[in-house]
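S.K.: Need a 3D model of the following:
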Amino acid sequence: MKWVVLFVFCFSPLTWGKEYKKNIVDRAHRNFSNRILRFSNEVDAFFADDQHDDLVNKSRLQVSLNTRFREAAGPVVIPDIDFRLVLPRTEKRFRLFIENENEDTDSETSETRIDRQNNNARSESSAAGIRYMINQTGIKFYTDTGIIVNVPPEAFARFTASRDITFKYWILKFKEQVRYVVDDGIRSTTDLNFDKRLTHKLMLRMMNQAVWTDEDYIITFENGPSLFQTISDRIGLSYHAHVISVNSPNFIVTNYILQATYRQELYGRWLFMNLTPFTNFPRENNFGRVPGFLVRFDAIFGHI
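M.R.: Sure, this is the predicted structure:
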């Protein structure tokens, strides 16, 4: 399904305005981005009236390529596409979306944790549907209904509530998401993060996440500090030291993870590279180290 969307964008007969007078890479990126924005505008025009033609279209397509290396194992290449379709003229009524199914609940260590790596194929599924949004008393409510793009397709419903509370030195970020998938049942994800700005270029986050499913009634916790550092306008670093634990049969630690990520803008505010060395210390390995390395490239098309 993802590659079909790309094919439509690349080969559909669209006309363009001014030629983007830069090198061939810039022209190709500009043309492809214009196709995405035009596709979004055509969908938007189908549902909306022409009272808000001046609104900015912020649709974007992110194409990512992950290559993961682990000790005593060969490289694993994981392509991923995240398509954010934004309809500015109809967004007050509803929003259509096509996106990674678990994008909103993934943590900074989701791609490097051993327990998540074993379920990677499932976590990379895409979802398409309609989102209704309400903002009351500082709390944002989202309700989503749609289809998960699998074989066969699966219907799902999702409810999300989030709120940021500012204290003197800290910002509390709360988020609760409950998702129901016809074949998988109910999954609840609770995030309770505390952010503190240490300096202009350094931010500390105390990360707390709990995930529960009605499949096994086990709660999986992820807790620990993360540090985000801005080196320049193009380079950033993040450091993570997290503990993974479960509440069944008793409360036990299942994994420790240490991770650092170097992120750099490679070209034109739309091509990025992530380099992530990481080490897991899983209980199943008697808490022995399992090092690895993740290389990720992100290309962003559409609104930048």
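S.K.: three-state assignment of N31?
M.R.: Three-state call for N31 (DSSP: H, G, I helix; E, B strand; the rest coil): helix.
S.K.: Provide the count of other residues in contact range of it.
M.R.: By the criterion of other CB atoms under 10 Å, N31 has 16 neighbours. Placement of C-beta: from N, CA and C, glycine included.
S.K.: what's the answer for the one 4 residues further on, then?
M.R.: If you count neighbours by other CB under 10 Å, R35 ends up with 20.
S.K.: helices and strands around whichever strand or helix holds it, which ones?
M.R.: According to DSSP states H and E, R35 maps onto helix 24-47. Packing partners of helix 24-47 (3 or more CB pairs under 8 Å, 6 or more residues apart in numbering; DSSP states H and E): helix 2-11, strand 290-302.
S.K.: how does it look with 6 Å?
M.R.: Packing contacts for helix 24-47, counted by 3 or more CB pairs under 6 Å, 6 or more residues apart in numbering; DSSP states H and E, involve strand 290-302.
S.K.: returning to that earlier point: quick one: name whatever helix or strand follows the helix holding R35.
M.R.: Next along from helix 24-47, by DSSP H and E: strand 60-70.
S.K.: pLDDT averaged over that next one - what is it?
M.R.: Computed over strand 60-70, the mean pLDDT rounds to 82.
S.K.: what does that strand rub up against?
M.R.: Contacts of strand 60-70 with the rest of the structure, by CB atoms under 6 Å, 6 or more residues apart in numbering, involve 36, 75-84, 292-303.
S.K.: Partner strands of that strand, with direction?
M.R.: According to DSSP bridges, strand 60-70 forms sheet pairs with strand 73-84 (antiparallel), strand 290-302 (antiparallel).
S.K.: Lowest average confidence across helices and strands of this structure, where is it?
M.R.: helix 2-11 (a mean of 43; mean pLDDT, DSSP states H and E).
S.K.: that older thread, now the angle from the helix holding R35 to strand 60-70?
M.R.: Interaxial angle of helix 24-47 relative to strand 60-70 (axes from the mean of the first three to the mean of the last three CA atoms, to 10 degrees): 120 degrees.
S.K.: In helix 24-47, which residues are buried?
M.R.: Going by neighbour count (16 or more other CB atoms under 10 Å), the buried part of helix 24-47 is 29-41, 44.
S.K.: quick check, nearest of those to R269?
M.R.: R269 lies nearest to H29 out of those, by CB to CB, at 10.3 Å.
S.K.: and the closest residue in space to the closest one that isn't next to it in sequence, what pLDDT?
M.R.: Excluding the flanking residues, the one nearest H29 by CB to CB, 6 or more residues apart in numbering is W270, at 6.2 Å. Note on W270: pLDDT of 88.
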